[in-house]
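J.: coordinates only, sequence not included:
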């Protein structure tokens, strides 16, 4: 079992990837309240600040359990929370999926590809996943570009409750680790 006191920290050229903490919550809540940021992830929260904070507290206290490895992303230059990236188990596809999201201020800087590549290496090398999936709204072309840039392949369209038809992508461990990124 994962030791909840274990701090995982990774770095890319421009990002610190770390365990989520309550210090991140004010920025998390801002993202949840931004119509553009949540356009493809269920929309702006209808919950109060306090309720979202309680939900976030529960999520960070289950970090590292049941394939919940959703990290906070900190921009090195500003030392600010700019988003999240990691893994969770998706019941619909019955497998591990990579997820990510960024504050609007972090868009179009290449952080998506940078974080997702590092997270995939972590998933395959440290967590020993054999394959990783992703689901994305086909209208979210920026996210689809990230998936193809990190070596994920389109499989098919599937129905995702409350989201309609989405595109399913995946990459196998051996394929990913044998590609030069």
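T.: Perfect, thanks for sending it. Please read all numbers here as calculations on a predicted model, not as lab measurements. Residues are numbered from 1 along each chain as shown.

J.: which residues touch the longest strand anywhere in the chain?
T.: For the chain, the strand with the greatest residue count under DSSP state E is strand 80-90. For strand 80-90, contacts defined as C-beta atoms under 8 Å, 6 or more residues apart in numbering pick out 15, 17, 20, 23-24, 27-28, 31, 66-75, 95-103, 105-106, 111, 115-116, 119, 123, 127, 129, 132-133, 135. Any C-beta I mention is one placed from the backbone N, CA and C, and that applies to glycine too.

J.: If we use 6 Å, what do you get?
T.: Strand 80-90 is contacted from outside by 24, 27, 67-75, 96-98, 100-103, 106, 115, 119, 123, using C-beta atoms under 6 Å, 6 or more residues apart in numbering.

J.: buried set for it?
T.: Buried residues in strand 80-90, counting neighbours by 16 or more other C-beta atoms under 10 Å, are found at 81-87, 90.

J.: Now tabulate those in a markdown table and tack on distance to residue 171 and pLDDT.
T.: A markdown table is the format used below for those (distance: C-beta to C-beta, whole Å; pLDDT from 0 to 100):
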| residue | distance to residue 171 | pLDDT |
| --- | --- | --- |
| 81 | 27 | 97 |
| 82 | 24 | 97 |
| 83 | 21 | 97 |
| 84 | 20 | 97 |
| 85 | 15 | 97 |
| 86 | 15 | 97 |
| 87 | 13 | 97 |
| 90 | 15 | 92 |
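
J.: from these, which single one is nearest residue 175?
T.: Checking the buried residues of strand 80-90 against residue 175 by C-beta to C-beta gives residue 87 as the nearest, at 17.4 Å.

J.: For the closest one, give its distance to residue 47.
T.: For residue 87, the distance to residue 47 (C-beta to C-beta, to the nearest Å) stands at 24 Å.

J.: quick one, strands of this protein?
T.: Going by DSSP E, the chain shows strands at 9-11, 15-18, 69-75, 80-90, 95-102, 131-136, 153-160, 164-172.

J.: hey, which of those is tucked in deepest?
T.: For the strands of the chain, the largest average neighbour count (mean count of other C-beta atoms under 10 Å) is found in strand 69-75, namely a mean of 23.

J.: packing partners for that one?
T.: strand 15-18, strand 80-90 (3 or more C-beta pairs under 6 Å, 6 or more residues apart in numbering; DSSP states H and E).

J.: Can you lay out those as a markdown table showing distance to residue 53?
T.: What follows is the helices and strands packed on strand 69-75, written out as a markdown table (distance: least, C-beta to C-beta, whole Å):
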| stretch | distance to residue 53 |
| --- | --- |
| strand 15-18 | 19 |
| strand 80-90 | 14 |
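
J.: what would the strands of the chain look like in a markdown table with distance to residue 62?
T.: Output for these, formatted as a markdown table (distance: least, C-beta to C-beta, whole Å):
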| stretch | distance to residue 62 |
| --- | --- |
| strand 9-11 | 19 |
| strand 15-18 | 16 |
| strand 69-75 | 10 |
| strand 80-90 | 10 |
| strand 95-102 | 15 |
| strand 131-136 | 20 |
| strand 153-160 | 22 |
| strand 164-172 | 25 |
